[in-house]
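1. Provided below are the primary sequence and the corresponding predicted coordinates.
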Amino acid sequence: MYMYVCKRNVHYILVFVRTELEGTKKVPFFGEPAIIVNIDTEDTCTHEVSVPANYKFESLKPLNEKPAKEYPFKLDSFQRKAVQCIENNQSVLVSAHTSAGKTVVAEYAIAVSLRDRQRVIYTTPLKALSNQKYREMYEEFKDVGLMTGDTTINPTASCIVMTTEILRSMLYRGSEVQ
């Protein structure tokens, strides 16, 4: 199972989008009291929001503008809800079974970040997977770099694909992405 986390400029909202096939654990909210809001959605998707007790919860606004990325297929309910959260500048964590379509949400988050002129780091656990994702993302977004330890391509790109090990090492050393 892979999880994609898009931490936008909102630091105190965790949005969990899950399917009926898998559950998620409620995690302590940074050691502070939290309010959990369950919002009914279509199909088997649960939209659960955790906010600090003193935080005013705002419902998701409907999507008005042209989407950052369009797909030749209809998105599943959890994908539509995650896209709506991303467009509302909320953090998103998607947990679903293998081949459920989590990458679609990650690609959408990347498209939104690039549209808003933000840099993106996309991590994978393996060099081979990083190389594969680099090729796929280069086809889609063009301004993409790769950092695996063995290979560095375009490290100043707007979107950089790297292994989790490389990112962890950079964070421990206090390094910055160029």
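-> Nice, thanks for sending it over.
2. in the sheet, who's paired with residue 122?
-> Beta-bridge partners for residue 122, by DSSP bridges, are residue 161.
3. can you pull the alpha-carbon coordinates of the helix or strand residue 82 falls within into CSV?
-> Using DSSP states H and E, the element containing residue 82 is helix 77-87. What follows is helix 77-87 as a C-alpha-only set of coordinates in CSV (Å, rounded to 0.1, in the frame of the first residue of the first chain):
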residue,chain,number,x,y,z
SER,A,77,-15.6,9.1,-5.5
PHE,A,78,-12.5,9.2,-3.3
GLN,A,79,-10.5,10.7,-6.1
ARG,A,80,-13.1,13.5,-6.7
LYS,A,81,-13.2,14.2,-2.9
ALA,A,82,-9.4,14.3,-2.7
VAL,A,83,-9.2,16.6,-5.7
GLN,A,84,-11.8,18.9,-4.1
CYS,A,85,-9.7,19.0,-0.9
ILE,A,86,-6.6,19.8,-2.9
GLU,A,87,-8.3,22.6,-4.7
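4. Work out the gap between it and the centre of the chain.
-> 10 Å (Cα atoms, centre = their mean, to the nearest Å).
5. Quick one: list the elements packing against that helix.
-> strand 14-18, strand 92-95, helix 102-115 (3 or more Cβ pairs under 8 Å, 6 or more residues apart in numbering; DSSP states H and E). All C-beta spots, glycine's among them, are computed from the backbone N, C-alpha and C.
6. and the angle for it with helix 102-115?
-> 20 degrees (axes from the mean of the first three to the mean of the last three Cα atoms, to 10 degrees).
7. Run a quick neighbour tally on residue 74.
-> Here the count is done by other Cβ atoms under 10 Å, and residue 74 has 7 residues near it.
8. Now residue 67: closest residue in space, sequence neighbours ignored.
-> Distance criterion Cβ to Cβ, 6 or more residues apart in numbering; nearest residue to residue 67, sequence neighbours excluded, is residue 83 at 7.3 Å.
9. go on, residue 63?
-> Closest to residue 63 by Cβ to Cβ, 6+ apart is residue 87, at 5.6 Å.
10. which residues does the one you found contact?
-> Applying Cβ atoms under 8 Å, 6 or more residues apart in numbering, we find residue 87 in contact with 63, 65, 67, 68, 112.
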